[in-house]
Structures are given as structure tokens and as C-alpha cells.
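J.: Give me coordinates for this.
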Amino acid sequence: MNIFSKITLTFLVITTSVIAGLYAYYPIDGYSSTKIARLARLEKIEKDSTQTLKLPKGALLPLNCIELQLTERKEDSVNAILIEDKAFAEKLKKVIPSGNYSLTILDMTNPKELKYAEHKESIGYQPGSVGKLAVVTALFKQMQNICPESWDARTALLKNKIVKAGEWAIYDHHTIPVYDIEEDKFVKRKVRTDDEFSLYEWLDHTVSVSNNGATNVVWREALLMAAFKDQYEYLTPDQEDAYFKETPKKELTLLANKIVNEPLRDIGISKDEWRLGSFFTSGANKFVDDIGGSIGTPLGLMKYLVTLEQGNLIDENSSLEIKRLLYLTDRRIRYAYSPKIRDAAVYFKSGSLYSCDRSNGKTCGEYAGNVYNYMNSVAIVEHPNGKKYMVCLMTNVLRKNSAYDHMTLASKIDEVINSEEI
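T.: Below you'll find the predicted structure:
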């Protein structure tokens, strides 16, 4: 059964939930290079003297100001980088709450003198929407396989390949932003089976509003790339339908699982540190099964972020483009809501998953599960004063919405790091 399904058992209701469409990503001057329609709307508002974007300063960086921070450590192994600085760790552990809090923190203000701290870093959690980063990475990996010598060919594919949602995209209550440039009409609505967007826009829907159906479409397209290779660009809907109809479900399941997990193994993340085992909506289960379960750890996620900042996640162009997709350019929530990082550039993904048992009048609520209550965030924070750091936070605090606690912890972590000498 899909991890985002609703299961009703005797006296037990399990409700799953990932971050709703409350925030958006990608630099707002990125329309010309991506053709992501909602960016055209943001650019239009920015240039209109009668309107205000109402974004924090940290959300207004242009494309050319987004950079990878650890490229000069490109040749270093991740394990060589993630060696705990005892003094730094001691300061940070004083601000970490007791209970089910696990995190990793890397101060990369000075790439030559990195400071790393970890706390319960290897405990496994259900990653929720943070796991979508593996799907995004899978697509970029398959594009590299198709066009290894040309980044321009890959971005052209992202811009020009239009794909239909189909049954893979249902059912998801999260909305997506849809902007008609010619009519200047903007709506937020659920994904429909007849929706057609470019690969870039499906990626944006996956990251910016954490849409589960969009994530499935991205995963499906990565699967098709793996199966058809350089013929993918020319696939027709009839050929795709025939492939999924004629290929044994077990074969599709194994390939789908391989393409999202293999890139993680390639960068030294073990299956117990981070793996993805199921699609994000029930519509996909008509074609593929779940396998292996999903798990994430702060250590596995930090290995991912370090590799990204080194430019070693697939290649340097892919690393930078994934970082751009993670750039937070709208309303900030949870960890990213901290006022301490308002003026900072924040690259962010968050997710949650909770389960409620309301038998015998037990207390439970939205994002306040009493069986489990996962809330996870990965954040890259870059301050105007030069302070730069990364945090991977995973929690399972029962019977309370942890959003405020995450925000408070973000402020305390920021204070510690800003107290360090540059």
C-alpha cells in the first residue's frame, strides 16, 4: 500500500500528510531559461509599480547569485568532510530539545575550515516529502545518461518536452499554481489527469508546492528515460501506454526503485541512511508496486546536501540546477519561518507524515499524530553577512504540531552559528 494512502482499520485511522502548497521555489527571474509559467507572473508583479511581491529580502536573489558553496572541496570525500567538531557540537547540543530530535549541521562559512555537528544522526524516520529530492535527482541522472555531453540539450528537454499527467498524478489534495500568460489568469487547483506541463513545470510542482501527483509524473518520466534512453524525446503517448501495458509489473517496479535509489548509493548514502520505496499517490500503484519501504536519516540527507554543494550530485550543472529548484521564493513555514533567517537566502524542503489513533477518546489532530508524527526539513541558509550553513532536521514528537518548535530551534541554531568567528 502507498505511504500516502488513507487506511482505516478497527479503531484506528491513519492519515498521511505532506506539506501543502504554501511556498514556491526557483529564482523569480528564471522564466526565460525555464519557461515555468508562474515565474512570468512573479516577474510581472515585480516590475509593476502598483503591486508588491511581499517577499523577504532573502527570496529576491537573481539566478546569477545562486552558487554552489563547496566546489573547492570537490575532491574531498563526504566522510572526510563530516567529521564532528567537538567544540562546535557542544554549543549546538545545548539548544537541541530532548526527545525525538535528530539532526546534522554543517557550517560552511569557510570551506577550508568546515564545522560539523550531529545528534542522533543515524536514527531512521519516514522522510515524507523530503524523499521527493530522490525523485528529482533520478530525473537529472537519467537526463545525463541520455545527453552526457550537452547540458544545453538537457535543459532544452526540460523546457520543451510536454507530458500529460494521466492516472499517475491522482489522487492528491495539494494544489498547483497554474498561470495563463496570455490571459493573465492565475489559479491554484488540484492536478487533473488531462493536465499537460513541461518537465520543468512538473519539477517545479514537485518541489515548490510538494505536489504528490507531480512527483509521480517526474518519477514516471525518469523511468521512461531509463527504458527508452535517447528515444525518450520522441516517445508518443501511444508508445508510452503500450510500454506500461506490456511490461510486467514486477519489471517496472524494480526499474522504478533502482533509478531513484541508485544515485543515492553512488554518492555513498546507504539504504539504511536513505531509501525511497513507494510512489506518492495511489494512482501509480496501477502500474508499479511498492518495494523496500522508505526511510531517511539526518546523516543520509546531509551527505546529499554536501554532495550537492560540492557539485558532485550527478555533475556540477545538475547540482546547481537542483539547488535553484530548492530556492525558497515565497511564504516561509516551519523551520524556514524563523525571523532570524528572514533576510537569508534559504534553500528548503520539508515534509510531514502523521498517524492518529482516536479510539477511547485519545487526543490527536492535524500534524499532531499520537501514533507517529514525523516532521522533517532540510535547509541551506546563506546570510548576507557571509554566514552559510546546512541543517537536516528530523523529528517524531507525538501529539503536537512541531512547526513552532522547529522555528524556535532554527533561531537558536542560527544564533550559535552567527556567534562563531568567520
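
J.: State the distance from Asn373 to Tyr31.
T.: Distance of Asn373 to Tyr31, computed by Cβ to Cβ, to the nearest Å: 38 Å. C-beta here means a position set from N, CA and C on the backbone, and glycine is covered the same way.

J.: for Asp230, same thing?
T.: 28 Å.

J.: So these two - more neighbours on which side?
T.: Tyr31 (19 against 10; other Cβ atoms under 10 Å).

J.: Once you drop chain neighbours, what's closest to that one?
T.: Leu39 (4.0 Å; Cβ to Cβ, 6 or more residues apart in numbering).

J.: my read: that neighbour touches Ser33, true?
T.: No. Using Cβ atoms under 8 Å as the test, Leu39 is too far from Ser33 to be in contact (9.3 Å).

J.: ok, those two, which is more surrounded?
T.: Shown here are Leu39 and Ser33; by other Cβ under 10 Å, Leu39 has more neighbours (24 against 17).

J.: Could you pull up the contacting residues of that one?
T.: Tyr26, Ile28, Asp29, Gly30, Tyr31 (Cβ atoms under 8 Å, 6 or more residues apart in numbering).

J.: Please identify which of those residues is nearest to Ser122.
T.: Tyr26 (32.4 Å; Cβ to Cβ).

J.: any idea how far Asn216 is from the closest one?
T.: To Asn216, Tyr26 is 20 Å away according to Cβ to Cβ.

J.: More neighbours: which of the two?
T.: Asn216 (31 against 27).

J.: next helix or strand past the helix or strand where the more buried one lies?
T.: Element membership for Asn216, per DSSP states H and E: helix 212-228. Per DSSP H and E, helix 212-228 leads on to helix 237-246 as the next helix or strand towards the C-terminus.

J.: how about the helix or strand that contains Tyr374 as CSV, C-alpha atoms only?
T.: Secondary-structure assignment from DSSP H and E places Tyr374 in strand 372-382. Output of strand 372-382 as CSV, limited to C-alpha atoms (Å, rounded to 0.1, in the frame of the first residue of the first chain):
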residue,chain,number,x,y,z
TYR,A,372,3.7,8.8,14.9
ASN,A,373,4.2,12.4,14.0
TYR,A,374,7.1,12.9,11.6
MET,A,375,8.2,16.4,10.6
ASN,A,376,11.4,16.8,8.6
SER,A,377,13.3,19.7,7.0
VAL,A,378,16.5,20.2,5.0
ALA,A,379,17.7,23.8,4.8
ILE,A,380,20.7,25.6,3.3
VAL,A,381,20.9,29.0,4.8
GLU,A,382,23.1,31.8,3.3
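
J.: Show the secondary-structure elements that that strand is packed against.
T.: Other helices and strands packing on strand 372-382, by 3 or more Cβ pairs under 8 Å, 6 or more residues apart in numbering; DSSP states H and E, are helix 298-310, strand 345-355, strand 388-396, helix 403-419.

J.: which of these has the lowest average pLDDT?
T.: Confidence, taken as mean pLDDT, is least for strand 345-355 of those (a mean of 90).

J.: quick one: that strand to strand 372-382, angle?
T.: 180 degrees (axes from the mean of the first three to the mean of the last three Cα atoms, to 10 degrees).

J.: so what's the nearest residue to Arg189 once chain neighbours are set aside scoring on pLDDT?
T.: Closest residue to Arg189 apart from its sequence neighbours, by Cβ to Cβ, 6+ apart: Thr175 at 5.5 Å. Thr175 is assigned 92 on the pLDDT scale.

J.: before we move on, what about Tyr23?
T.: 48.

J.: Kindly report the same for the one 5 residues further on.
T.: If you check Ile28, the pLDDT there is 79.

J.: what kind of secondary structure is it in?
T.: Under DSSP: H, G, I helix; E, B strand; the rest coil, the three-state class of Ile28 is coil.

J.: The nearest residue to it once chain neighbours are set aside: what secondary structure?
T.: Distances taken as Cβ to Cβ, 6+ apart place Leu42 nearest to Ile28, at 4.1 Å, with adjacent residues excluded. Using three-state DSSP, the structure places Leu42 in helix.

J.: which residue sits closest to Ser352, ignoring its sequence neighbours?
T.: Using Cβ to Cβ, 6+ apart, the nearest residue to Ser352 is Met375, at 4.6 Å.

J.: That neighbour: neighbour count?
T.: Using other Cβ under 10 Å: Met375 sits among 27 other residues.

J.: Over to Leu55?
T.: Residues near Leu55, counting by other Cβ under 10 Å: 18.

J.: For it, give me the pLDDT.
T.: 80.

J.: I'd assumed Gly30 was in contact with the residue nearest to Ile28.
T.: No. Look at Leu42 against Gly30 with Cβ under 8 Å: they stay out of range, at 9.2 Å.

J.: about what we covered before: the residue nearest to Ile28: what's it in contact with?
T.: For Leu42, the contact set (Cβ under 8 Å, 6+ apart) comprises Ile28, Leu53, Thr329.

J.: Which of these sits closest to Ala134?
T.: So of the contacts of Leu42, ranked by how close each gets to Ala134 (Cβ to Cβ), first place is Thr329, at 22.7 Å.

J.: what about Ser350, neighbour count?
T.: By other Cβ under 10 Å, neighbour count at Ser350 equals 25.

J.: quick one: contacts for it?
T.: Applying Cβ under 8 Å, 6+ apart, the residues contacting Ser350 are Ile19, Ser129, Val130, Ser210, Ile333, Arg334, Tyr335, Ala336, Met375, Asn376, Ser377, Val378.

J.: What pLDDT is listed against the closest residue to it other than its chain neighbours?
T.: Nearest residue to Ser350, sequence neighbours excluded (Cβ to Cβ, 6+ apart): Ser377, at 4.3 Å. With respect to pLDDT, Ser377 scores 94.

J.: No further questions, thank you.
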